[in-house]
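Engineer: sequence plus predicted model, see below.
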Number of protein chains: 2
Amino acid sequence: MRIGAIEAGGTKFVCGIGNDRGEIAESISFPTGDPQTTLGRVIAYFKEKQADAIGIGSFGPIDIRKDSPTYGYVTTTPKPGWGNFDFLGTLRREFPVPFGWDTDVNAAAFGEATWGAARGLGSCLYYTVGTGVGIGVYSEGKLVHGLIHPEGGHVLTRRHPDDDFAGACPFHGDCLEGMASGPALEKRWQVKGHELPADHPAWEIEAFYLAQSIAGAILLLSPEKVILGGGVMQQAQLYPLIREAVKRNLNGYLNAGAILEQIDDYIVPPGLGQQAGLCGALALGLSALRNQA
Amino acid sequence: MRIGAIEAGGTKFVCGIGNDRGEIAESISFPTGDPQTTLGRVIAYFKEKQADAIGIGSFGPIDIRKDSPTYGYVTTTPKPGWGNFDFLGTLRREFPVPFGWDTDVNAAAFGEATWGAARGLGSCLYYTVGTGVGIGVYSEGKLVHGLIHPEGGHVLTRRHPDDDFAGACPFHGDCLEGMASGPALEKRWQVKGHELPADHPAWEIEAFYLAQSIAGAILLLSPEKVILGGGVMQQAQLYPLIREAVKRNLNGYLNAGAILEQIDDYIVPPGLGQQAGLCGALALGLSALRNQA
């Protein structure tokens, strides 16, 4: 079995071929350009691969409502050329195989639930903290779609008492993404995040915002695992700061051993590491193949 | 078909008998006392009713993990006698029929998705705003459980600029429930909520807190309907205030007609009115019967 996987990011695309054990046999990566050029490269890559199915985890917002006339489209992105673009249809015309299609963060959540840190569990949240903040939601054994799809990176949080940064979100100013994304970090401190030392106060402030959102999502959804990925989360000192802040926020209200005693195993990095996104797309492709069979 | 329904609240119990169209044929109500007395009355009521199944929507926290040794228990409530009490088991020993068992707010969400304001939809949120604030979550055609169950009433919100009330939640002080429950309203304004005139500034502040939580939940979960019930929501002037505040919070970020153009039909009172809780329990009982068949 050969499953194609496309991790379609706003900055770069990764295409690969894997199997039903979540193993990636080969992959390529290239910068995201205009849709024609970018999908041209995707099509050229898969032309010789004989994939039995292809899964796509895409930057958004995208249309994932199967009964919608624009199912498979990238919708309202400001990214040049990509607004209202038929991403899935363009590939379907080239490859007559089952396709999986979801957001990049939902894909990563699904990959983690299939082969990673949430393997065997019925629910998890997948945060990516990088260029933006995105949250994938897997609940009761299903990816959550609903009216559009989860866009949890834009929730409002309380302000850290030592932080007077105005926020970097063009829609909401100081929402979670506006305060905690990689670009927000850089704008606030005037250096790239990875250039800040591990004991810089920036990380306590970063953890403060992420933990508020995580505690809120735990209260609303009661996930069995919370997985934090993306470029900013390469700063390993964030994990213990976030765990402690989540516990402070919840203040013993949720009587769950996973939170009260084993939080180191509850709020975790991706089990699939840097391959969480690509493996997530692989899991979507595999699922599409199985649902068709 | 005769389905039993139990709306088990912290203040009062309602028991009834209904059918598979969501119609309640008869019901009784009594104050919640200690578990033995209360369930004694429940058992006496159903003894003569020949119910084919019984659904329970209960105050919490409760154990709804089917593989748990304390499945069916009320767990850590401070309510005298109810902590670690085997609610479901006590009834199962009396009635050899299928039982449905979930939180009061999940039950109400399920009832609304079966016969009410979210009929035919795959997702909805059900808020109850009364003695506390609770949020039931129905997503992708399933009630959300996870690690424990949703407890979204305790999320943190930003403070209203004109509000210096300390908050009434013993765990978190000024979380949503601490700022927006019926007792919080009463403590802040020193009168019962229903004694405040409809144009009192209290309602704008109340809407401010609820709308923040609703906007956050919409971002995280993308529900197809948001239903607001409970005693405080009897103040009909709250709905337009909440809808406007939700739109202000989202600031056009979610490109969905349901929110941008038809919010009056998106954030709504329960379609089942005051019977949302009891009909929810009925829907749980019906589902238990169908799953067993």
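Structural biologist: That came through, no problem.

Engineer: what comes up buried for the lowest-mean-pLDDT helix or strand in chain A?
Structural biologist: Sorted by mean pLDDT, DSSP states H and E, the helices and strands of chain A end with helix A:257-260, the least confident at a mean of 93. Counting neighbours by 16 or more other Cβ atoms under 10 Å in any protein chain shown, one finds that the buried residues in helix A:257-260 are A:258, A:259. To be clear about C-beta, it is placed using only N, CA and C from the backbone, and glycine gets the same treatment.

Engineer: restrict that helix to CA atoms and write it as CSV.
Structural biologist: Extracted in CSV, the C-alpha atoms of helix A:257-260 (Å, rounded to 0.1, in the frame of the first residue of the first chain):
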residue,chain,number,x,y,z
GLY,A,257,-5.2,12.2,37.7
ALA,A,258,-4.0,13.0,34.2
ILE,A,259,-4.0,16.7,35.1
LEU,A,260,-3.3,16.7,38.9
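
Engineer: what kind of secondary structure is the spatially most central residue of chain A in?
Structural biologist: Among the residues of chain A, residue A:105 comes closest to the average C-alpha position under Cα atoms, centre = their mean, at 2.4 Å. The three-state label given to residue A:105 by DSSP: H, G, I helix; E, B strand; the rest coil is helix.

Engineer: just the pLDDT for it.
Structural biologist: Predicted confidence (pLDDT) for residue A:105: 98.

Engineer: cool, and the one 3 residues further on?
Structural biologist: Here the pLDDT value assigned to residue A:108 is 98.

Engineer: number of nearby residues for it?
Structural biologist: Residue A:108: 34 surrounding residues under other Cβ atoms under 10 Å in any protein chain shown.

Engineer: is stretch A:152-166 up against chain B anywhere?
Structural biologist: Yes: applying Cβ under 8 Å from any Cβ of the partner chain, one finds that stretch A:152-166 is in contact with chain B at A:152, A:153, A:154, A:155, A:156, A:157, A:158, A:159.

Engineer: residues from the stretch 101-250 of chain A in reach of chain B?
Structural biologist: Taking Cβ under 8 Å from any Cβ as the test, the list of the stretch 101-250 of chain A residues beside chain B reads A:122-123, A:135, A:137, A:139-140, A:142-159, A:171-172, A:212, A:215-224, A:249.

Engineer: could you list which of these belong to helices?
Structural biologist: Among those, the members found in helices (DSSP state H) are A:212, A:215, A:216, A:217, A:218, A:219, A:220, A:221, A:249.

Engineer: was I right to think the fifth one contacts residue A:225?
Structural biologist: No: checked against Cβ atoms under 8 Å, the pair residue A:218 and residue A:225 is beyond contact range at 10.6 Å.

Engineer: of those two, which one has the most company?
Structural biologist: The neighbour count for residue A:218 versus residue A:225, taken as other Cβ under 10 Å, is higher for residue A:218 (28 against 25).

Engineer: ok, which stretches of the stretch 1-150 of chain A are strands?
Structural biologist: Under the criterion DSSP state E, counting those that start in this stretch, the stretch 1-150 of chain A contains strands at A:3-8, A:12-18, A:24-31, A:53-58, A:73-74, A:85-86, A:99-103, A:124-129, A:133-139, A:142-143.

Engineer: verify the stated contact: the residue nearest to the centre of chain A with residue A:126.
Structural biologist: Yes: under the criterion of Cβ under 8 Å, residue A:105 lies in contact with residue A:126, with a separation of 5.5 Å.

Engineer: domain map for chain A?
Structural biologist: A:3-104, A:117-269 (automatic domain parsing).

Engineer: pipe these into CSV and attach distance to residue B:33 per row.
Structural biologist: CSV is the format used below for these (distance: least, Cβ to Cβ, whole Å):
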stretch, distance to residue B:33
domain A:3-104, 48
domain A:117-269, 24
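
Engineer: quick one: the strands in the stretch 151-293 of chain A?
Structural biologist: Along the stretch 151-293 of chain A, the segments classed as strands by DSSP E, counting those that start in this stretch run A:226-229, A:267-268.

Engineer: direction included, what does the shortest one pair against?
Structural biologist: Take DSSP bridges as the rule and strand A:267-268 pairs in its sheet with strand A:226-229 (parallel).

Engineer: quick one: the partner strand to chain centroid distance?
Structural biologist: The gap between where strand A:226-229 is centred and where its chain is centred comes out at 9 Å by Cα atoms, centre = their mean, to the nearest Å.

Engineer: give the buried residues for that strand.
Structural biologist: Applying a neighbour-count criterion of 16+ other Cβ under 10 Å, one finds A:226, A:227, A:228, A:229 buried in strand A:226-229.
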